[in-house]
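Asks: turn this into a structure:
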Amino acid sequence: MKNKLLIIWSTEEIEVAKKMVLLYSSVILPRQYWDEAILMIWGPSARLISENLELQEKLKEIGSKGVTLQACVVCTDEYGVSKKLQDLGVELIHTGEVLTLCLQNDWKVLSF
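Replies: This is a model prediction of the structure:
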């Protein structure tokens, strides 16, 4: 059985993004803490990542390490940042559907 983690990132706090969400996301697959991981950008975090170049570079690094990057399409459309996130390699999705599937299929869920 694979160990699977869904990280839901919804806070707009930059220190939480740097010191927890993106830091942890960058090491979880290389260190083999998890077999599969999704970083889900939901709510105000979509606006934050669209505006902060330092966080954008970290997000690209995380994606290059195999973590799936997804964002709430409703949120990104409302904030006017959909194209920006797509350009960063983030898949725009209906996050409620993915969250439900993960919960129904025994993924571990961590939220910030």
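Asks: from here on, contacts and neighbour counts on C-alpha atoms
Replies: Will do.
Asks: any idea what the residue nearest the centre of the chain is bridged to?
Replies: Centroid-nearest residue in the chain, with Cα atoms, centre = their mean: residue 39, separated by 2.5 Å. Beta-bridge partners of residue 39, counted by DSSP bridges, are residue 7, residue 69.
Asks: my read is that it contacts residue 10, right?
Replies: No - Residue 39 is not in contact with residue 10 according to Cα atoms under 8 Å; the separation is 10.6 Å.
Asks: helix or strand: which one has residue 60?
Replies: Here residue 60 is covered by helix 53-64, with elements defined by DSSP states H and E.
Asks: buried residues in that helix?
Replies: Under the neighbour-count criterion of 16 or more other Cα atoms under 10 Å, helix 53-64 has 55, 56, 58, 59, 60, 62, 63 buried.
Asks: hey, C-alpha coordinates of that helix in PDB?
Replies: The C-alpha coordinates for helix 53-64 follow below in PDB (Å, rounded to 0.1, in the frame of the first residue of the first chain):
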ATOM      1  CA  LEU A  53       8.700  35.500  -6.700                       C
ATOM      2  CA  GLU A  54      10.700  33.700  -3.900                       C
ATOM      3  CA  LEU A  55       7.700  31.400  -3.200                       C
ATOM      4  CA  GLN A  56       7.200  30.900  -6.900                       C
ATOM      5  CA  GLU A  57      10.800  29.600  -7.300                       C
ATOM      6  CA  LYS A  58      10.200  27.200  -4.300                       C
ATOM      7  CA  LEU A  59       7.000  26.000  -5.900                       C
ATOM      8  CA  LYS A  60       8.700  25.200  -9.200                       C
ATOM      9  CA  GLU A  61      11.400  23.300  -7.200                       C
ATOM     10  CA  ILE A  62       8.700  21.300  -5.400                       C
ATOM     11  CA  GLY A  63       7.000  20.400  -8.700                       C
ATOM     12  CA  SER A  64      10.300  19.300 -10.200                       C
END
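Asks: quick one: contacts for the closest residue to residue 59 other than its chain neighbours?
Replies: Sequence neighbours aside, residue 22 is the residue nearest to residue 59 in space, at 7.0 Å (criterion: Cα to Cα, 6 or more residues apart in numbering). By Cα atoms under 8 Å, 6 or more residues apart in numbering, the contact list for residue 22 reads 55, 58, 59, 62.
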